[in-house]
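Chemist: Give the three-dimensional model of this entry:
(chains A and B, ligands or ions: 2)
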Amino acid sequence: MEPVLKVQALHKHFNVRAGLFRTKQFNAVSDVSFCLGKGETLAVIGETGSGKSTLGKILAGADNSSSGQILLNGQIIEDDGGRVENTKDIRLIFQDPMKSLNPSTPIGSILNEILILNTELDSQARREKINQTLLNVGLLAEHRNYYAHMFSGGQIQRVALARAIILDPKVLVLDEALSSLDPSVRAQTVNLLLRLQRETGLSYILITNHLSLVKHMSDSLLLLHKGEVVEYGETHEVFNSPQTKLAERMLAC
Amino acid sequence: MAKFKLFTEDSNKSPLRHLWRNFKSNHLALLGLWIFLFLTVLAILAPLIAPYGINEQHNNSLILPPSWDDQGSVNFLLGTDGLGRDLLSRLMNGATTTFGLAIVTALLTTLFGVILGIMAALSKGWRSSVLNHLLDVTLAIPSLLLAIIIVAILGPGLMNTVWAIILSLLPQYIHSIRNIVSQEMSKDYVIAHRLDGASKWRILGKGILPNIYEQIVLIFTMSLSTAILDIAALGFLQLGAQPPTAEWGAILAENLSLIYLAPWTVALPGFLLFITILSTNLVGDGLRQALQKRKAS
Ligand SMILES: Nc1ncnc2c1ncn2[C@@H]1O[C@H](COP(=O)(O)OP(=O)(O)OP(=O)(O)O)[C@@H](O)[C@H]1O
Ligand SMILES: [Mg+2]
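Modeler: Ligands and ions are numbered 1, 2, ... in the order given. Sure, this is the predicted structure:
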């Protein structure tokens, strides 16, 4: 079966200052390749500064890569830093959902704006779609008139999810999106994510440090260290027989 | 089913309503707002409702004290000045010149400031750093001094004063707007909006502006009080409005020689200036406090 998302030899370097006039290249992500099938979850783990967020941003289009390709359903959407205009199919969920929502706009208008920018639907159809999406993530249609500050922590996560899935994407990138939640709300959100995955065949890229979450949700696992892939394989295989010392150490606890 | 948070009446409102609520709870600021609105109406209607023309002279009633004085007359409620002109009419029209013109000045400053500030926030690299250093230099000079220098170059006159004040207020305005906008630009919701496919201008108009216009209004009130003070000060120094224009600063200067003979001709315009600036500052202060309170909640 053809993978939904295929990443080939992705590189990203930043120019950092080294001295007064010299700049140095710093490789945040180097030579990362992986495949992600429909309805599958890839967990990306690694210690802090290993380039997880950078990878997530590149995938979602918030940043450009330096070289390498990203293929979606066999079509190249990013080639050596040039991105095809495509905001619909890979969507990012931010670490802090509250900050990713405009505080002075009601949720309904935010969702409406997304639909205006990316679809040809008329206002009636947009309304319908917004209601349906809100219901789908376990909110009510009335919540469209609410502002971001009026939601509780678990609800705002659902709003962020609604914002991400309203365009029916193929891949969701969750950058530590579950880490800040308290355990019961996290469990609710995880169940919601798994239900959506079952129903719509969404694929997830789960950037996290929670090993239990990785075990529970992911099919495959990618371990980054200083921007390089140290370990990549099916989750239970990597857990059972890690190939490197680092993986052994990180997965032990 | 979602878990529901119970909302207090207070949090269950749009940010703007929230702000108004906080503002209302500050009585002084509310009083300031009423005076401010009254002055605005006065500034608009003064030429129509003033009992006499501003330069209408009444030769048989020179230096008449206000009507509550024994020698006063009901025909001239606040008395007359050395040329027999009705002080009430002059002061009312002064609201149009001083206060009205200050509002126009502050509005123009806001318009230019917002446009240039946004452009400054969007520019990068050497252009932004040149602009920054240029602004820093002009910021170091007090605005009144800068205005006096500019008037000295342009020559005295009311319209030149307006331009001088706009030019002298602009640097700080651009600076503040630039800071506010670039602060917003780095927030997550802007990145999210960009990922939704919004263009730069759409992000500005739909994303950022609704979040900063209250702060723009705040800066407007601050520049307004400076503008009132500067217009009056330049009028008083005979650099701005020239007599016989009815401008509070100019009226003050004109009647200064009568201060012992007819103290009301000096005290009344001074008092009006005081009230006007006070109310503007009260509104600005209340707005700032309300914004802070909302941020904290
Ligand atoms: N804009 C940038 N300019 C320069 N260096 C950057 C930039 N963004 C990230 N980096 C560097 O790239 C490296 C990877 O950062 P990244 O945010 O991807 O780490 P991370 O794996 O997400 O860490 P964490 O687990 O703490 O979130 C870090 O060393 C960081 O300093
Ligand atoms: Mg990170």
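Chemist: wait, does the lowest-mean-pLDDT helix or strand in chain B contact chain A?
Modeler: Among the helices and strands of chain B, helix B:125-139 carries the lowest confidence by mean pLDDT, DSSP states H and E, at a mean of 79. No - under the criterion of Cβ under 8 Å from any Cβ of the partner chain, chain A is not reached by helix B:125-139; the shortest gap measures 13.7 Å. Bear in mind the C-beta positions are built from the backbone N, C-alpha and C, glycine included.
Chemist: Report the next helix or strand after that helix in sequence order.
Modeler: Sequence-wise, the next helix or strand downstream of helix B:125-139 (DSSP states H and E) is helix B:143-154.
Chemist: in the helix or strand just after that following helix, what's buried?
Modeler: Heading C-terminal from helix B:143-154, the first helix or strand you meet, by DSSP H and E, is helix B:158-185. Burial within helix B:158-185, assessed by neighbour count using 16 or more other Cβ atoms under 10 Å in any protein chain shown, is assigned to B:158, B:160-178, B:180-181, B:184-185.
Chemist: How about stretch B:39-54?
Modeler: Of the residues in stretch B:39-54, those scored as buried under the neighbour-count criterion (16+ other Cβ under 10 Å) are B:39, B:42-43, B:46, B:50, B:52, B:54.
Chemist: just how off-centre is it within its chain?
Modeler: With Cα atoms, centre = their mean, to the nearest Å as the basis, the distance from the averaged C-alpha position of stretch B:39-54 to the chain average is 19 Å.
Chemist: go on, stretch B:174-194?
Modeler: The answer for stretch B:174-194 is 26 Å, by Cα atoms, centre = their mean.
Chemist: So which residues make contact with that stretch?
Modeler: Stretch B:174-194 is touched from outside by A:62, A:92, A:94, A:96, A:99-103, A:113, A:163, B:113-114, B:116-118, B:120-122, B:135, B:139, B:202-204, B:206-208, B:211-212, B:215-216, B:219, with contacts defined as Cβ atoms under 8 Å, 6 or more residues apart in numbering or on different chains.
Chemist: which among those residues are in contact with ligand 1?
Modeler: Subset of the contacts of stretch B:174-194 in contact with ligand 1: empty, counting by Cβ under 6 Å from any ligand atom.
Chemist: Give me the next element, helix or strand, following the lengthiest helix in chain A.
Modeler: Taking DSSP state H as the assignment, the helix of chain A that covers the most residues is helix A:183-200. On the C-terminal side of helix A:183-200, the closest following helix or strand by DSSP H and E is strand A:203-207.
Chemist: Check what pLDDT residue B:297 gets.
Modeler: Residue B:297 carries a pLDDT value of 69.
Chemist: how close does the residue nearest the centre of chain A get to residue A:6?
Modeler: Closest residue to the average C-alpha location of chain A: residue A:173 at 0.8 Å, with Cα atoms, centre = their mean. When distances are taken as Cβ to Cβ, to the nearest Å, residue A:173 and residue A:6 turn out to be 15 Å apart.
Chemist: ok, residue A:27 - contacts?
Modeler: A:11-13, A:226-227 are the contacts of residue A:27 under Cβ under 8 Å, 6+ apart.
Chemist: So which of the residues you listed is the closest to residue B:33?
Modeler: Closest to residue B:33 out of those is residue A:12 (52.9 Å), distances taken as Cβ to Cβ.
Chemist: Can you get me a residue count around that closest one?
Modeler: Each residue near residue A:12 was counted by other Cβ atoms under 10 Å in any protein chain shown, and the total is 23.
Chemist: that's a strand at it, yeah?
Modeler: Yes - membership of residue A:12 in a strand is supported by DSSP: H, G, I helix; E, B strand; the rest coil.
Chemist: Which of the helices or strands spans the residue nearest to it when sequence neighbours are not counted?
Modeler: Distances taken as Cβ to Cβ, 6 or more residues apart in numbering or on different chains place residue A:29 nearest to residue A:12, at 4.1 Å, with adjacent residues excluded. Secondary-structure element containing residue A:29, defined by DSSP H and E: strand A:23-36.
Chemist: Kindly report the same for residue A:56.
Modeler: Here residue A:56 sits within helix A:52-60, counting by DSSP H and E.
Chemist: ok now that helix, how far from the chain's centre?
Modeler: Taking Cα atoms, centre = their mean, one finds helix A:52-60 lying 8 Å from the centre of the chain it belongs to.
Chemist: hang on, the residue nearest to the centre of chain A in a strand?
Modeler: Yes - counting by three-state DSSP, one finds residue A:173 located in a strand.
Chemist: quick one: it and residue A:81, what's the gap?
Modeler: On the measure of Cβ to Cβ, residue A:173 and residue A:81 end up 18 Å apart.
Chemist: Please apply the same query to residue A:4.
Modeler: If you go by Cβ to Cβ, the gap between residue A:4 and residue A:81 works out to 22 Å.
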